[in-house]
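K.L.:
Just the structure for this:
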Amino acid sequence: MKEALSRLPQVRALVVGDLMVDRYQWGEAERISPEAPVPVVRILREETRLGGAANVVHNLAALGCRVGVCGIVGDDEAGRQLVRDLAALGARTEGVQPHPGRSTTVKVRVMAHNQQLLRCDWESPDAIAPELQARVGDWLEGALAGYDGVILSDYGKGLLTPELCQRIIGACRAAGKPVLVDPKGRDYGRYRGATCLTPNELEASTVTGLAIRDEAGALQAGRHLLGELGTDYLCITRGANGVLGLTAAGEQRFLPARAREVYDVTGAGDTFIGLLGALLLAGRPFYECVELANLAAGIVVGKVGTATVNVPELLDFAGGVRKLYGVDEIGALAERLRAAGKRVVFTNGCFDLLHSGHIQYLQASRAQGDVLIVGLNSDASVRRLKGPSRPVIGEEDRAHLLSALACVDYVVIFEQDTPLELIRAVRPHVLSKGADYTVETVVGHELLAEWGGAVALIPLQEGRSTSGLIDKIVAGHRR
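P.N.:
From the prediction side, this is the model:
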């Protein structure tokens, strides 16, 4: 999985589709209007996010891909702001063209208690004029050489006409580049010849006229679409039932849903096709791409509104609760924890021959905050500190033992004799050490003072030490 995701920064993806603005108005609904039987929402804050094809761009950027975008916006402030927001992500926006007389698609969702109460849409869904279609097609054919492939994100807002879709698919096929489609509407003939389609279950049922009530129904609809459209691959996303992946070679696999909690399915399809497309463009095997895209969708439905997924989240989610992190990963993890409002505690040690004194010390350290990160001295570091006969237990086993403790949230192995650089990367709120130290002798206490952190000195149990255990074992062996 790490190998697959490591390819994403080299991927050059071009997203073509209906660009939208999603606005969320968050408030409280505590009474019913006296004017009509509707709730009164007291708006507390407003948030603007990228929607539609722009959300696919956002997802690709969050995954580290190099991404370009082609679409239309209205000649209005919403459209100009949308282009600025895309550019701020690092996306190339030369392919975005203003359309005079047309409004940028804006969806406003009124939310209360994490529930959507109302949605209002501003849009112009009519098909774009033939001359604009030609201009978009000309631009795309000229730009295609700079990309590994294309993702068509169709929201039925007038850009991806049958003629333009076929022109784009034909150009990609001629150039030997994949083209993936998140489809819309009843006319799937416009997508004929694409590399992969990703309809959801309702869309697949509607366009084929086949009821999908179980796996057999999904398989029948999927095979029908593959045969009709001549695509290489097809995915039918099935919500709580997971996803079905099929190939033109006759393979099929059902993958279960991977969501832990479902708050909002908005934008899950954007996340799915974003990662699926990026990995296919990176040359990864199809079912590997489907599995990881399914994983990403399972994360994003646990968030409210259109949202994105990044590589660290994918790795964490895939591992269930991953505790062992590398030195190069721990800083970003700690930053995410702080951003989530967690009070981060850091401690370090050799933890060789784990004993009750260690457990008591770690439990007391964890009580100083919400999350405990343990820096573990590597084998080489322990030998330099304690002599050639130590450690008794290797670093991988010591890390595994620490990770099994409920009071330890994360473990990172470091090579240096002191954890100073690790403390600088983690930036903990609390630095925990044993009470046999003073604050002034704790490595890193100056750093904590710089960012307003604190040093906690934890009382140690009398007569509990690794050295004492080793002496006892050796004495018993001699007797």
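K.L.:
Against Gly434, how distant is the nearest residue in space to Leu405 that is not next to it in sequence?
P.N.:
Of all residues not flanking Leu405 in the chain, Leu362 sits nearest, at 6.3 Å (CB to CB, 6 or more residues apart in numbering). Glycine gets a C-beta too; all of them are placed from N, C-alpha and C. Note on Leu362: its distance to Gly434, by CB to CB, to the nearest Å, is 11 Å.
K.L.:
on that earlier part again, tell me which other helices or strands the helix or strand harbouring the residue nearest to Leu405 touches.
P.N.:
In the assignment (DSSP states H and E), Leu362 maps to helix 356-366. The helices and strands touching helix 356-366, judged by 3 or more CB pairs under 8 Å, 6 or more residues apart in numbering; DSSP states H and E, are strand 344-349, strand 371-377, strand 430-434, strand 454-458.
K.L.:
Give me the residues contacting it.
P.N.:
345, 347, 349, 351, 372, 374, 402, 405, 407-409, 432, 434, 456, 458-461, 464-465 (CB atoms under 8 Å, 6 or more residues apart in numbering).
K.L.:
Pull out the buried members of these.
P.N.:
345, 347, 349, 351, 372, 374, 402, 405, 407-409, 432, 434, 456, 458, 460 (16 or more other CB atoms under 10 Å).
K.L.:
follow-up on the earlier one: burial measure for the residue nearest to Leu405, as a count.
P.N.:
24 (other CB atoms under 10 Å).
K.L.:
Look up the closest residue to Gly71, ignoring the ones flanking it.
P.N.:
Leu19 (4.3 Å).
K.L.:
same check, this time on Ala334
P.N.:
Val426 (4.5 Å).
K.L.:
these two touch, right, that neighbour and Val344?
P.N.:
Yes. Applying CB atoms under 8 Å, one finds Val426 in contact with Val344, separated by 6.7 Å.
K.L.:
what about the two, which has more around it?
P.N.:
Comparing Val426 with Val344 by other CB under 10 Å, the one with more neighbours is Val426, at 26 against 23.
K.L.:
What does the more buried one show for phi and psi?
P.N.:
Backbone torsions of Val426, given as degrees, to the nearest 10, read phi -80, psi -40.
K.L.:
Show the contacting residues for it.
P.N.:
Ile330, Gly331, Ala334, Val344, Phe346, Ile373.
K.L.:
What average pLDDT does stretch 240-260 get?
P.N.:
What stretch 240-260 shows for mean pLDDT is 88.
K.L.:
How about it, which residues are buried there?
P.N.:
Buried positions in stretch 240-260, judged by neighbour count with 16+ other CB under 10 Å: Asn241, Gly242, Val243, Leu244, Gly245, Leu246, Thr247, Gln252, Leu255, Ala257, Arg258, Ala259.
K.L.:
again, but for stretch 192-201
P.N.:
Ala194, Thr195, Cys196, Leu197, Thr198, Pro199, Asn200, Glu201.
K.L.:
got any ranges where this structure has weak pLDDT?
P.N.:
259-266, 304-306, 319-322, 463-468, 470-471 (pLDDT under 70).
K.L.:
Residue ranges of each domain in it, please.
P.N.:
With automatic domain parsing as the criterion, the domains of the chain are listed as 2-318, 324-478.
K.L.:
got the end-to-end distance for the longest one?
P.N.:
With CA to CA, to the nearest Å as the measure, domain 2-318 spans 11 Å from end to end.
K.L.:
Check stretch 122-131 too.
P.N.:
For stretch 122-131, the first-to-last residue distance is 24 Å (CA to CA).
K.L.:
quick check, distance from it to the centre of its chain.
P.N.:
Offset of stretch 122-131 from its chain centre (CA atoms, centre = their mean, to the nearest Å): 32 Å.
K.L.:
ditto for stretch 120-132
P.N.:
Counting by CA atoms, centre = their mean, stretch 120-132 comes out at 31 Å from the chain centroid.
K.L.:
again, but for stretch 296-307
P.N.:
With CA atoms, centre = their mean, you get 8 Å for stretch 296-307.
K.L.:
I'm done for today, thanks for sticking with me.
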